[in-house]
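Undergrad: Predicted model, plus sequence, below.
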Amino acid sequence: MPRKITKDCSSNSPKDGEAKSISQKGGGKERFLAGDVLEQLKAVDAGSCSLVISSPPYNIRKPYERDDERTYDEYVSWQRQVIEAMIPALTENASVCWQVGTYIADGEVFPLDVPFVEIFRSLGFKLRNRIIWRYNFGYNADKRFSGRYETVLWFSRTNNYTFNLDPVRIPQLYPGKRHSSSKGEKAGKPSGNPLGKNPSDYWEFSAIEDFQNNPVWDVPNVKAGDPQKPVAFGRL
């Protein structure tokens, strides 16, 4: 079964093996490629991607992968091929955010971030963050505790990478708090960054809050049934 690198959810989506460009505000364009990921990655210009954000299939028999079921070892081997095929498209100082969950076989749990860390490190990547992304809904297990989080693995190719913290800062718990008189030169000055605090590597996601009250984004979800990925990914 062909794997989709990315998918246009409009009625005139590209067919397998085709590419489609869509003009965006500001004159930029997005290109959608449909087909087998190992083939379509060859169409991506070498050294053209400074950031990759991916959430590959977890091999858990979702509707879009039921015709291409793999064993755990086959899945890990295939994903290594995908990552190796992606590397030529990266810039020298590129970052990769690989969002993964859990593979389950016969009741046994296989956290997918474990093999992916080893794959990326073996290819020279450096792990910058392992982000816990916790959500409050999903499958309710009856023979183990229900899974309620996935992980985002952020890798860089080198030590010279881009990280824009200010756009994703969140409000300080005590925005008016100042250093006491015992802090010397800092006395009376704000004790926290006035722009807000670092959001940390633990992100919470609420279906009601982030789908209904404050939508993360307004495009259809191509992986039916999965929660949307936080918009902060693309701001790093």
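TA: Nice, thanks for sending it over.
Undergrad: what about stretch 40-57, average pLDDT?
TA: Average pLDDT, stretch 40-57: 92.
Undergrad: Buried residues in it, which are they?
TA: Residues Gln40, Leu41, Val44, Cys49, Val52, Ile53, Ser54, Ser55, Pro56, Pro57 are the ones in stretch 40-57 that count as buried (16 or more other C-beta atoms under 10 Å). Where you see a C-beta, it was placed from the backbone N, CA and C, and this is true even at glycine.
Undergrad: so where is this protein shaky, pLDDT-wise?
TA: Along the chain, segments meeting pLDDT under 70 span 1-29, 60-67, 210-211, 214-236.
Undergrad: Filter the buried residues of stretch 40-57 down to just the ones in strands.
TA: Assignment to strands by DSSP state E places the following of these there: Cys49, Val52, Ile53, Ser54.
Undergrad: Looking at these, which one is closest to Gly35?
TA: Nearest to Gly35 out of these is Ser54 (C-beta to C-beta; 15.8 Å).
Undergrad: for the closest one, what are its contacts?
TA: Val96, Cys97, Trp98, Gln99 (C-beta atoms under 8 Å, 6 or more residues apart in numbering).
Undergrad: in a strand, that's where the last one is, yeah?
TA: If I follow you right, that is Gln99. Yes. Assessed with DSSP: H, G, I helix; E, B strand; the rest coil, Gln99 lies in a strand.
Undergrad: Show me what it is bridged to.
TA: For Gln99, the beta-bridge partners under DSSP bridges are Val152.
Undergrad: Please identify which of the buried residues of stretch 40-57 is nearest to Gly124.
TA: The closest of the buried residues of stretch 40-57, once distances to Gly124 are taken by C-beta to C-beta, is Val52, at 14.9 Å.
Undergrad: Next, count neighbours for the residue nearest to Lys126 when sequence neighbours are not counted.
TA: Excluding the flanking residues, the one nearest Lys126 by C-beta to C-beta, 6 or more residues apart in numbering is Ser156, at 5.3 Å. Residues lying near Ser156 (other C-beta atoms under 10 Å) number 18.
Undergrad: mind listing the helices for this structure?
TA: According to DSSP state H, the chain carries its helices in the segments 37-40, 72-86, 113-122, 207.
Undergrad: Among the contacts of Ser54, which one lies nearest to Ala187?
TA: Lowest distance from Ala187 to the contacts of Ser54 (C-beta to C-beta) belongs to Cys97, with 40.5 Å.
Undergrad: The closest one against Val152, yeah?
TA: Yes. With contact defined as C-beta atoms under 8 Å, Cys97 counts as touching Val152 (5.8 Å).
Undergrad: List the residues that contact the residue positioned nearest the centre of the chain.
TA: For the chain, Gln99 is the residue whose C-alpha lies nearest the centre (C-alpha atoms, centre = their mean; 3.9 Å). Contact analysis of Gln99 by C-beta under 8 Å, 6+ apart lists Ile53, Ser54, Ser55, Trp133, Glu150, Thr151, Val152, Leu153, Lys229, Phe233.
Undergrad: let's see 10 Å
TA: Taking C-beta atoms under 10 Å, 6 or more residues apart in numbering as the criterion, Gln99 is in contact with 53-56, 112-113, 116, 131, 133, 150-154, 229-230, 233.
Undergrad: can you list contacts of stretch 80-89?
TA: Stretch 80-89 is contacted from outside by 3, 5, 37-49, 52, 54, 56, 94, 96, 98, 115-116, 118-120, 122-125, 155, 157, using C-beta under 10 Å, 6+ apart.
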